[in-house]
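J.: have a look at this fold, sequence not included:
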């Protein structure tokens, strides 16, 4: 049956419905008692639905079948959810490939002057922890210690200086390389694991005093800010906000990214259940360009959701320029975000989740569980290209800058008919190839941060953030060192060798030489004197060792304190 004209639809439809009901009553009414009311009602619904399908009638209107505007008869523009578009294969032509955005960076990509002339790890690191950062930390730490003393806490304290703070940072990096279970373990002396060097730089009590009083924000402002707790104006990171913002500005000023950048979330201090979440913008080499801590819902949040707000806040046209291609995972990818980035002059590519608003839900010519490895399906919706590919599992990716297929292949192991594995070449979409190539910036940074990290278990989250910011500064410094060596065609240091040399620079010692002990000129002498009788010299002349508290017949000649006689003791 053909669909009648619009003017004859109501009359013909009523006639056909009446005839259908009459036929049903004549031939199928005796089966009413056998099928029951439920089966009979279901049959009636199927009969009327079949008549509506024949007439093409839906919601009281007749759909007129027109030829699609896209190539090959399929639509190439956005469609209504009531009219799903069929998936195409890689053999179908794609005539609507968009032109890639023109790359116009705000600055010349790469290391920015005057850092491009730096050589040593200490010079590069000083561009992140410069005099302004050290001065801020020293002032607020001294204020915090003075405030604690006013409250009645008793501890030995003298004001910290930038030079001493550098030694504190150097000891943190030194501990990360040595990897002791606890901070205080490097000062142990009564064990075979005794390390003599840290005591020559700073005593244990002084280090722990600095560590417990280290404060980033102004303590006076913390009191006023604490009154805002529970309101929308309260910032959970206000105690580390000064260092956080200074580190962000220095990461952006010392290096400008290349064209391909990635956005991804990072969990600090994982695999703990309650870690800190950061959203990171990174270059393909792992350099952290910008980052943003997750603080929960705020008054600045938009109606488009967290995944949209994070990308738009990190990918800033005023600071980066235009023409960048942003790669993100399925948490951030959405058609609305990609269209917004397209209007801002950015390209975008990322895996997506099924069921998101604007994502094709068509099942016509779609992939299924038994689709062979390497099968490709795609739908183009304006500037958006949705691609599905079968590898070890199904991969769904969306892009605004890549074609469907450019002839890329990848080798995979596959079992043949004899039961043996053989290497076969399977086609791979262009977007998947580019995504695997440029999305690993944040993962590369995470791997470097996990190498000799200064993170240790703490009771305060602001201390964890401080340690993470120190790791970011060291890791970015190492990446800049690699970029400088590559530009000069020199061999770069390893990650551990770089941190060892940086720690030696902060501690003010030479990395290759033996440490100089400050105890030169202090000689041990017996505590007993000749005036004592021979019978009492071994007992009355003994002193208590100031380190191990044992009784000892030796003392320091200059300090006049009891000490056990240990080789190379400082």
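T.: Noted; the coordinates are in hand. This one's a predicted model, so the numbers in the text were calculated from it and none came from an experiment. Numbers count the residues shown, from 1 in each chain.

J.: give the buried residues for stretch 289-302.
T.: Judged by neighbour count (16 or more other C-beta atoms under 10 Å), stretch 289-302 contains these buried residues: 289, 290, 291, 292, 293. The C-beta positions use only the backbone N, C-alpha and C, and glycine is treated the same way.

J.: then stretch 179-188?
T.: Under 16+ other C-beta under 10 Å, the buried positions of stretch 179-188 are 180, 183, 186, 187.

J.: from the residues you listed, which is closest to residue 339?
T.: residue 183 (50.7 Å; C-beta to C-beta).

J.: in TSV: the buried residues of stretch 289-302, plus pLDDT and secondary structure.
T.: Below are the buried residues of stretch 289-302 laid out as TSV (pLDDT from 0 to 100; DSSP: H, G, I helix; E, B strand; the rest coil):
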residue	pLDDT	secondary structure
289	97	strand
290	97	strand
291	96	strand
292	94	strand
293	93	strand
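
J.: closest one to residue 490 out of those, please.
T.: Checking the buried residues of stretch 289-302 against residue 490 with C-beta to C-beta, the nearest one is residue 289 at 24.7 Å.

J.: the residue nearest to residue 105 when sequence neighbours are not counted: neighbour count?
T.: Nearest residue to residue 105, sequence neighbours excluded (C-beta to C-beta, 6 or more residues apart in numbering): residue 321, at 4.1 Å. If you count neighbours by other C-beta atoms under 10 Å, residue 321 ends up with 19.

J.: wait, residue 321 touches residue 106, no?
T.: Yes. Between residue 321 and residue 106 there is a contact under C-beta atoms under 8 Å: 4.0 Å.

J.: okay, now the domains of this structure?
T.: If you go by automatic domain parsing, the domain ranges for the chain are 6-62, 519-570.

J.: rank the ones you listed by pLDDT, which is bottom?
T.: Within those, confidence is poorest for domain 6-62, with a mean of 46 (mean pLDDT).

J.: tell me the pLDDT at residue 516?
T.: The per-residue pLDDT reported for residue 516 equals 56.

J.: ignore what I typed, I meant residue 219.
T.: Residue 219 is assigned a predicted lDDT (pLDDT) of 92.

J.: what about residue 162, distance to residue 138?
T.: Using C-beta to C-beta, to the nearest Å, one gets 6 Å for the distance from residue 162 to residue 138.

J.: the more surrounded of those two?
T.: Comparing residue 162 with residue 138 by other C-beta under 10 Å, the one with more neighbours is residue 138, at 18 against 13.

J.: what strand or helix carries residue 358?
T.: Using DSSP states H and E, residue 358 falls within no helix or strand.

J.: that one is in contact with residue 337, isn't it?
T.: No. Applying C-beta under 8 Å as the test, residue 358 and residue 337 come out as separate, 9.9 Å apart.

J.: between those two, who's got more neighbours?
T.: More crowded of residue 358 and residue 337, by other C-beta under 10 Å: residue 337, with 25 against 17.

J.: can you pull the contacts of the more buried one?
T.: Residue 337 makes contact with 304, 307, 308, 311, 312, 348, according to C-beta atoms under 8 Å, 6 or more residues apart in numbering.

J.: tell me which element the last one falls in.
T.: Using DSSP H and E, the element containing residue 348 is strand 347-351.

J.: what's that strand packed up against?
T.: If you count contacts as 3 or more C-beta pairs under 8 Å, 6 or more residues apart in numbering; DSSP states H and E, strand 347-351 packs onto strand 325-328, helix 335-343, strand 394-399, helix 430-438.

J.: return the most buried member of these.
T.: Stretch with highest mean neighbour count among the helices and strands packed on strand 347-351: strand 325-328 (a mean of 27; mean count of other C-beta atoms under 10 Å).

J.: pLDDT on that strand, on average?
T.: The pLDDT scores in strand 325-328 average 98.

J.: likewise for stretch 343-355?
T.: Stretch 343-355 comes out at a mean pLDDT of 95.

J.: same question for stretch 488-496.
T.: Across stretch 488-496, pLDDT averages out at 92.

J.: span of that stretch from start to end?
T.: 21 Å (C-alpha to C-alpha, to the nearest Å).

J.: what's in contact with it?
T.: 121, 177, 448, 451, 452, 478, 481, 482, 485, 486, 501.

J.: filter those down to the buried ones, ChimeraX style.
T.: Entered in ChimeraX, the line below selects the buried ones among the contacts of stretch 488-496, by 16+ other C-beta under 10 Å:
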select :121,448,451,452,478,481,482,501
